[in-house]
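In: Just need the structure, nothing else, for what follows:
(one chain, ligands or ions: 1)
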Amino acid sequence: MNFSEVVYSKLPLPLQNGAVSLYGVYWKWLRFGGNYRFHEKSYSLRNRYTTDQWAEYQRNKLSELLEICVNNVPYYSREWSQEQKGEALKGDLLALPLLEKEPLRADPSDFVRTDRSPLLKITTYTSGSTGTPIASICTPSEIRDSLAIREVRSANWAGVSFKLPRATFSGRMVEPDPESTGPYYRFNAVEKQVYFSPFHLRPETAHSYIEALKKHKIQWMTGYAVSYYLLAKFILEAGLDVPPLEAIITTSEKLTPEMRTAMEKAYRCRVYEEYSTVENVLFASECEQGRLHVSPDAGIVEILRPDGSPCDPGEVGEVIATCLTRSYQPLIRFRLGDLAAWDEEPCPCGRSMPVIKEVVGRIEDVVVGPDGRQLVRFHGIFTHQPHVIEGQIIQESLNQIRVRIVPTEGFSDTDKSDIVNRVHQRLGDRVKVIVELVPSIERTKSGKFKAVISLIEK
Ligand SMILES: [Zn+2]
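Out: Reported below is the predicted structural model:
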């Protein structure tokens, strides 16, 4: 915990709500003050751009950005060769090297432009489960930009708005006591926003989350996909009555079809997926046709094969993104570590923003077979397992998989052998499968759920 978290954790509940609201005033100004409206209008104006207009927009933005990188960003002006700088000044993105996470992790300030010194700089951290988090540094205008795109392309597409009362599951520490008997949320009166704690969600606490929705007349919810899915399962099992909601927009973890079905049944509203990163290097959101559109004004997205050539539509490859909305700490051809594929078909909604068919998963979520085969979406072994509340796969070696399961009361040996069989089907019979029943599965520091953990070098 940092200093403010320590202070917060010692406050009585009404003062914690007050602190959340006071923080909310600052937070609201930071995000929705200043030139927020300008950003919002700009995104709305570009909603119906044609493919040619997008190409021109990206060309212009990229050329400004690459000039900044060559002249004013220490990392690029040092690491890029003379030839690469020449290509950069011509706007040729593909001539530039891919950027790994490591240099950014090692020295985030090496990526900050030297010709600007804003009065206020905001640093946010990615929640890597291992190692040092990556610091993303930006200006208030860039924060507002990232909120404006969420309002216009995510909330509005789902028929809601950040101006309406909403609930959020995020990594923010809202209830410091792990043994707390509730409430498991805090209310920010300034934004009419309920912050849920992802760490206290259990079958026996689910009803108190629902009560918060009723008490504060929440109209829509956004945040961690897995937390909303779990809450949905608890709602369905206990037959809890959820007040009417307009939409759920999930972030952070991958939304599987099974999760979506359970959530739409429990919350009785549509579920939309949003795909973004803390660095805001790309942004994709779901339209009314259920397709995930990449916003070309947020970033230039490439999906590449291992040899660096672009993937064909439908072919899974690595996602590389160049951020067009942040020039204070620019990220050029950044390796996100995600795997995805472009859709072969244009979207019937008529928007000309490219469509991602599927974000398949994280590269670190790949499970490797003894014969070298690589499998993504391995957590699919838990699909249609009615006695599994949560499941996690740990690859301990090429020949050993540990499956950790939070079971329901009805979990039996049949369920266990079914799971072992499913692992064998995917990786072969030689792999040893250990099924471990656990009361709960720990989250990362920021409350995220890791479906797959690999302990082998890749
Ligand atoms: Zn569409």
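In: List the contacts of the closest residue to the ion within the stretch 351-458 of the chain.
Out: When scored by Cβ to the ion, the stretch 351-458 of the chain has R351 as its residue closest to the ion, at 5.1 Å. (Glycine included, C-beta is placed from N, CA and C.) Going by Cβ atoms under 8 Å, 6 or more residues apart in numbering, R351 touches 47-48, 287, 293.
In: From these, list the ones also adjacent to the ion.
Out: For the ion, the contacts drawn from these by Cβ under 5 Å from the ion are C287.
In: ok, of the contacts of R351, which one's closest to I149?
Out: N47 (10.8 Å; Cβ to Cβ).
In: What helix or strand is I453 located in?
Out: Assigned by DSSP states H and E, I453 falls within strand 452-454.
In: how far is that strand from where the chain is centred?
Out: 18 Å (Cα atoms, centre = their mean, to the nearest Å).
In: and for it, what are the contacting residues?
Out: Applying Cβ under 8 Å, 6+ apart, the contact partners of strand 452-454 are 129, 361, 364-368, 378-379, 392-395.
In: in its sheet, what does it sit against?
Out: When sheet partners are counted by DSSP bridges, strand 452-454 sits next to strand 388-397 (parallel).
In: Send me the partner strand as PDB with only the CA atoms.
Out: This file holds the C-alpha atoms of strand 388-397, laid out as PDB (Å, rounded to 0.1, in the frame of the first residue of the first chain):
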ATOM      1  CA  VAL A 388     -16.700 -25.700 -11.400                       C
ATOM      2  CA  ILE A 389     -17.100 -22.200  -9.900                       C
ATOM      3  CA  GLU A 390     -13.600 -21.100 -11.000                       C
ATOM      4  CA  GLY A 391     -10.800 -22.900 -12.600                       C
ATOM      5  CA  GLN A 392      -7.100 -22.100 -13.300                       C
ATOM      6  CA  ILE A 393      -4.500 -24.000 -15.200                       C
ATOM      7  CA  ILE A 394      -0.900 -24.000 -14.200                       C
ATOM      8  CA  GLN A 395       1.600 -25.500 -16.600                       C
ATOM      9  CA  GLU A 396       4.400 -26.700 -14.200                       C
ATOM     10  CA  SER A 397       6.500 -28.400 -16.900                       C
END
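In: Please point out which parts of it sit buried.
Out: 388-395 (16 or more other Cβ atoms under 10 Å).
In: Need the mean per-residue confidence for it.
Out: Taken as a whole, strand 388-397 has an average pLDDT of 90.
In: List the contacts of it.
Out: 203, 230, 233, 367-368, 378-379, 381-382, 385, 401-408, 411, 415, 419, 440-441, 449-456.
In: Specify the beta-bridge partners of E358.
Out: Going by DSSP bridges, E358 forms beta bridges with A341.
In: how many neighbours does it have?
Out: 15 (other Cβ atoms under 10 Å).
In: Repeat that for the one 3 residues further on.
Out: For G361, the count of nearby residues is 22 (other Cβ under 10 Å).
In: interface residues of the stretch 251-400 of the chain facing the ion?
Out: Of all the residues in the stretch 251-400 of the chain, those lying near the ion are 287, 289, 291, 347, 349, going by Cβ under 5 Å from the ion.
In: Select from these the one having the most neighbours.
Out: R291 (21 neighbours).
In: doesn't E358 make contact with that one?
Out: No. With contact defined as Cβ atoms under 8 Å, R291 does not count as touching E358 (10.5 Å).
In: for the stretch 1-150 of the chain, what are the low-confidence residue spans?
Out: Within the stretch 1-150 of the chain, the segments meeting pLDDT under 70 span 1-3, 127-132.
In: about what we covered before: please identify which of the residues of the stretch 251-400 of the chain next to the ion is nearest to V226.
Out: R291 (22.4 Å).
In: So what does Y8 look like in phi/psi?
Out: phi -60, psi -40 (degrees, to the nearest 10).
In: Likewise for Y328?
Out: Taking degrees, to the nearest 10 as the convention, Y328 sits at phi -80, psi -40.
In: what about it, how many neighbours?
Out: Neighbours around Y328, by other Cβ under 10 Å: 19.
In: who touches it in this structure?
Out: 112-113, 116, 118, 121, 137-139, 142.
In: now T261
Out: Contacts of T261 by Cβ under 8 Å, 6+ apart: none found.
In: Please report the distance of it from H384.
Out: 11 Å (Cβ to Cβ, to the nearest Å).
In: which secondary structure elements does the top helix by length along the chain contact?
Out: Scanning the chain for the helix with the most residues, using DSSP state H, yields helix 51-72. With contacts taken as 3 or more Cβ pairs under 8 Å, 6 or more residues apart in numbering; DSSP states H and E, helix 51-72 sits against helix 74-79, helix 82-89.
In: what angle do that helix and helix 82-89 make?
Out: 140 degrees (axes from the mean of the first three to the mean of the last three Cα atoms, to 10 degrees).
In: List the buried residues in helix 51-72.
Out: 54, 58, 61-62, 65-66, 68-70, 72.
In: Name the residues that touch it?
Out: Contacts for helix 51-72 (Cβ under 8 Å, 6+ apart): 46, 49, 76-77, 80, 85, 88-89, 91, 93, 96, 113-115, 296-297, 300, 322, 324, 327, 330, 332, 352-353.
In: Can you say which of those residues are buried?
Out: 46, 49, 76, 80, 85, 88, 91, 93, 96, 113, 296-297, 300, 322, 324, 327, 330, 332, 352-353.
In: Filter the residues you listed down to just the ones in strands.
Out: Members of the buried ones among the contacts of helix 51-72 lying in strands (criterion: DSSP state E): 300, 322.
In: E40 and the ion: what is the separation?
Out: 20 Å (Cβ to the ion, to the nearest Å).
In: middle-most residue in this protein, spatially?
Out: In the chain, the C-alpha nearest the mean C-alpha coordinate belongs to S252, at 2.3 Å (Cα atoms, centre = their mean).
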